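>>> quick check, what structure comes out for this input:
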Amino acid sequence: MATEAATLRRTPLYDRHVALGAKMVPFAGYEMPIQYDGIVVEHRTVRSRAGLFDLSHMGEFLFTGKGARTDVERLVSSDIAGLAIGEARYGLLCNEGGTIVDDVIVYRTGETEFLMVVNAANIAKDRAHVLRSLGDDAAFDDRSLATALIAVQGPRAAEILDAQTGSAVSGLASFGVARRHILGHPDRHGVVNATVARTGYTGEDGFEIFVANDDASTVWDALLASGRDAGLKPIGLGARDTLRLEARFSLYGNDIDETTNPIEAGLGWTCKLDKDFIGRDAIVAKKAEGPKRKIAGLVVEGGVARHGHEVTSGGEVVGLVTSGTYGPTVDRNIALAYVPTPLSKVGTALGVRIRGKDVPATVVKTPFYRRSE
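Next up is the predicted model:
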């Protein structure tokens, strides 16, 4: 019988992670680094200096042709038609019922070219969803297995990447995207063609770098070497999760999925309701009706809330935690949970049932953390 490990894929940087002493775990069908030096240490490194992430498990879909803009506009909830070349936008793939198939970022990389990044666990599902709606005037290419994605995140990210591109990526606007050359390791020669975007999932300034698989190790090594003096360290998925939760970014499969709609998930702002997109009519109806539940941010006293923990009010179960952790930057136990709309008001006192005991929790304004500009 094949073991689970035998079926897991490895990113082009797997050997680098092992050599750096990373703890490897199964994640979305891959063996991925969960941590190197410890989650809290890595979290604080990103907040104070910079972290290097392997995100090569993520999916990349390329749309080209004269119908690409029209098709992606219909697929994604946000304003894709309004993107200029070199701009990106966050949005949702929804089904006809108005619930969330995935959350994605779309980059306009050319006149008739759009790159969509999708969550690793959803690649096959998203590909089928896209192909059902693709018109005759657009070509679709799933480049997920051929593309490596490396992120540099943190207050020193621009400084580090400027040194390796030979041009000022620090001049890119937030959610800007451009093609750049990345210099190889200082002890070796070579230049790598890359697509660089000022996007991320940590709440810090940062960049995501798309390269061919064969170039991933060159870029990883070069960035680690050049960023050493700036305090750049490799960061695992554990700290990526605590960073994104402090910043109140949704995690697909926890906070959003095909049982949740954008209005209750706090993502109504991603939906451009004066255009036609899949699920639009259902979302309009849900907005008019008003959601029966909403996702709320909680500060929890006396324990760490985890995904699946029950939320209580007056001893009665009223909701479920979708994400929870200790937030190293805010120094509090924080969580997201779906609760009845009347209980989602900031200041509401609730409980979270941890090991059979209802510990106090309070609804707070999110994000839990916002960086200083």
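
>>> quick one, strands of the stretch 151-300 of the chain?
Along the stretch 151-300 of the chain, counting by DSSP state E, counting those that start in this stretch, strands occupy 177-183, 191-197, 206-212, 232-234, 293-300.

>>> ok, the last one: who's next to it in the sheet?
So that's strand 293-300. Here strand 293-300 has these sheet partners by DSSP bridges: strand 332-340 (antiparallel), strand 357-364 (antiparallel).

>>> show me which positions of the first one end up buried.
Just to be clear, that refers to strand 332-340. By 16 or more other Cβ atoms under 10 Å, the buried positions in strand 332-340 come out as 332-339. Glycine gets a C-beta too; all of them are placed from N, C-alpha and C.

>>> likewise the shortest one?
When burial is assessed from 16+ other Cβ under 10 Å, strand 357-364 yields the following buried residues: 358-359, 361, 363-364.

>>> now do it: everything it contacts.
296-303, 305, 311-312, 315, 335, 339, 343-353 (Cβ atoms under 8 Å, 6 or more residues apart in numbering).

>>> from the chain's centroid, how far away is it?
27 Å (Cα atoms, centre = their mean, to the nearest Å).

>>> for that strand, give the mean pLDDT please.
Averaged across strand 357-364, the pLDDT comes to 98.

>>> kindly export that strand (C-alpha atoms) in PDB.
Only the C-alpha atoms of strand 357-364 are listed here, as PDB (Å, rounded to 0.1, in the frame of the first residue of the first chain):
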ATOM      1  CA  LYS A 357     -14.700  25.000  29.500                       C
ATOM      2  CA  ASP A 358     -16.200  28.300  28.200                       C
ATOM      3  CA  VAL A 359     -13.400  30.800  28.300                       C
ATOM      4  CA  PRO A 360     -14.200  34.500  27.800                       C
ATOM      5  CA  ALA A 361     -14.000  36.100  24.400                       C
ATOM      6  CA  THR A 362     -14.800  39.600  23.100                       C
ATOM      7  CA  VAL A 363     -15.700  40.700  19.600                       C
ATOM      8  CA  VAL A 364     -13.200  43.300  18.400                       C
END
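
>>> where along the stretch 201-350 of the chain do the helices fall?
With DSSP state H, counting those that start in this stretch as the criterion, the stretch 201-350 of the chain has helices at 216-226, 237-246, 280-289.

>>> which one of the ones you listed lies nearest to Arg74?
helix 280-289 (9.4 Å; Cβ to Cβ).

>>> ends of stretch 199-209, how far apart?
Terminal residues of stretch 199-209 lie 9 Å apart, using Cα to Cα, to the nearest Å.

>>> in TSV: the strands paired with strand 293-300, plus distance to Arg127.
Compiled in TSV, those are given as follows (distance: least, Cβ to Cβ, whole Å):
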stretch	distance to Arg127
strand 332-340	28
strand 357-364	38
